[in-house]
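Trainee: the following block contains a protein sequence and its predicted model.
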Amino acid sequence: MLRCFRASIFVLIGMAFLVAGCSNESSTAGSDAGLAYVTNQKGNITVIDLASLESVSEIDVNGKGPRGIGITPDGKTIVVANVDGGDITLIARESGEIIKHIEIGENPEFVRVIGNRAYISFEPASLGGPPPTPGSEAAQKLEEEREEEDAEPAKIAVVNIESGIVEKEITGGMETEGIELSYDQTKLIITNEADENITVHDLESGEMIKEISTIEYGHRPRGIKASPDGSMYVGSIEYGNSLVVMNSEFEVITSIKTGEVPYGLSFSRDGSKLYVALAKGKVLQVFDTKTWEELGRGKTGTRCWHFTFTPDDSKILVACGRSDEVVVLNASDLSVVKRLTGFAMPWGIVAYPKSVGSLDSVWQ
């Protein structure tokens, strides 16, 4: 009898170790609820389990200052832009292992992954740090210095993720920020902070085919997002506290006032709502995309730049860079579900299975 009891104990212990091992593997591959990936500009990449809403692991990118982030549609590869490393890192999503570093250029920042290609903005003329206040003496001096030095405009590197090769570079403007593709994926739409415009480029040739001045709506165009049906494109104007709404032909049809310093943008999955992260306003603001009536605001943190919905659309995770937290909101009423702390200037955030957010979409 005693022998049987001891044998049963050993079997139970063995099963416990097996379950523990499976649980650890699951935290890497992702639960049914999925995972979120957060870039920390002063650290690495934090992985959040969306079932427990807890940080479960970290992906080391050698402290290169990760900012922009995207995930391939098949979920196999994470692409991260390293502002301090001048490169991007390709990461095997399930294992967290680094596949390859690809040199891009100085100050790579924004990443947009569509299909098997990554589009990365980089700024040879950037001096680093926050830009001066528009209209200030410092801003005027910076503009004069750039003119004297014939400063090089920003560029967008187009990278084939499968081969790891930079296929081409498209010249943008001064301090290119947001990147979006047209609905038919033949055009690249970018925001150029210092040039106070949004430009549209032929994706094949890189040639600029349209320039939309945003100066009458304020300073520093930043975010840019296409609606799910391609009927409109919306840009955020940081120091104008406004949105610029363009039709499918990139003609401005209206402008909308927002709270303080809008940046990251995302349409809801069905396109009926637009969500806007207010970096200074410390909220996530929501608009009806037919009437442009404000529908609500959810409290966030300090300098929240980007956000993502969970794959089931039930929650929104907002990365707040200056309060070192990720704030989780209930998508239905924008109430705070949880505040996750311990981050190091979180900048970008995406989810897998792929969801809608300021850095990603599910319809491209």
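Mentor: That came through fine. Residues are numbered from 1 along each chain as shown.
Trainee: can you show me the strands along the stretch 101-250 of the chain?
Mentor: Residue ranges of the strands in the stretch 101-250 of the chain, as given by DSSP state E, counting those that start in this stretch, are 108-114, 117-122, 155-160, 165-171, 176-181, 187-192, 197-202, 208-213, 219-226, 232-239, 242-247.
Trainee: nearest to residue 282, out of those strands?
Mentor: strand 232-239 (14.6 Å; C-beta to C-beta). (C-beta placed from N, C-alpha, C; glycine too.)
Trainee: any idea of the angle the closest one forms with strand 197-202?
Mentor: 140 degrees (axes from the mean of the first three to the mean of the last three C-alpha atoms, to 10 degrees).
Trainee: packing partners of strand 232-239?
Mentor: Counting contacts by 3 or more C-beta pairs under 8 Å, 6 or more residues apart in numbering; DSSP states H and E, strand 232-239 packs against strand 176-181, strand 219-226, strand 242-247, strand 262-267.
Trainee: what packs against the third one?
Mentor: On a contact count with 3+ C-beta pairs under 8 Å, 6+ apart, strand 242-247 meets strand 232-239, strand 252-257, strand 262-267.
Trainee: could you list the paired strands of that strand along with their orientation?
Mentor: Note on strand 242-247: by DSSP bridges, its sheet partners are strand 232-239 (antiparallel), strand 252-257 (antiparallel).
Trainee: check the longest one too.
Mentor: Next to strand 219-226 in the sheet, as set by DSSP bridges, lie strand 232-239 (antiparallel).
Trainee: mind listing what's buried in the strand it pairs with?
Mentor: 232, 233, 234, 235, 236, 237, 238, 239 (16 or more other C-beta atoms under 10 Å).
Trainee: before we move on, what about stretch 183-197?
Mentor: Within stretch 183-197, the residues scored as buried using 16+ other C-beta under 10 Å are 183, 187, 188, 189, 190, 191, 192, 193, 194, 195, 196, 197.
Trainee: kindly reformat the helices and strands packed on strand 232-239 as CSV containing distance to residue 84.
Mentor: Shown next, in CSV, are these (distance: least, C-beta to C-beta, whole Å):
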stretch, distance to residue 84
strand 176-181, 18
strand 219-226, 21
strand 242-247, 31
strand 262-267, 21
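Trainee: tell me which of those lies nearest to residue 201.
Mentor: Of all the helices and strands packed on strand 232-239, it is strand 176-181 that lies closest to residue 201, at 10.3 Å by C-beta to C-beta.
Trainee: who touches the closest one?
Mentor: 109-110, 112, 114, 119, 121, 123, 153-156, 187-193, 203, 221-226, 233, 235-236, 364 (C-beta atoms under 8 Å, 6 or more residues apart in numbering).
Trainee: do you know which of the helices and strands packed on strand 242-247 lies nearest residue 44?
Mentor: strand 262-267 (21.1 Å).
Trainee: can I get the closest one as CSV, trimmed to CA atoms?
Mentor: Included here for strand 262-267 are C-alpha records, laid out as CSV according to Å, rounded to 0.1, in the frame of the first residue of the first chain:
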residue,chain,number,x,y,z
PRO,A,262,-3.4,64.5,-30.3
TYR,A,263,-1.0,61.8,-31.7
GLY,A,264,-1.9,58.1,-32.2
LEU,A,265,-5.1,57.3,-34.1
SER,A,266,-7.1,54.3,-34.8
PHE,A,267,-10.5,53.5,-36.4
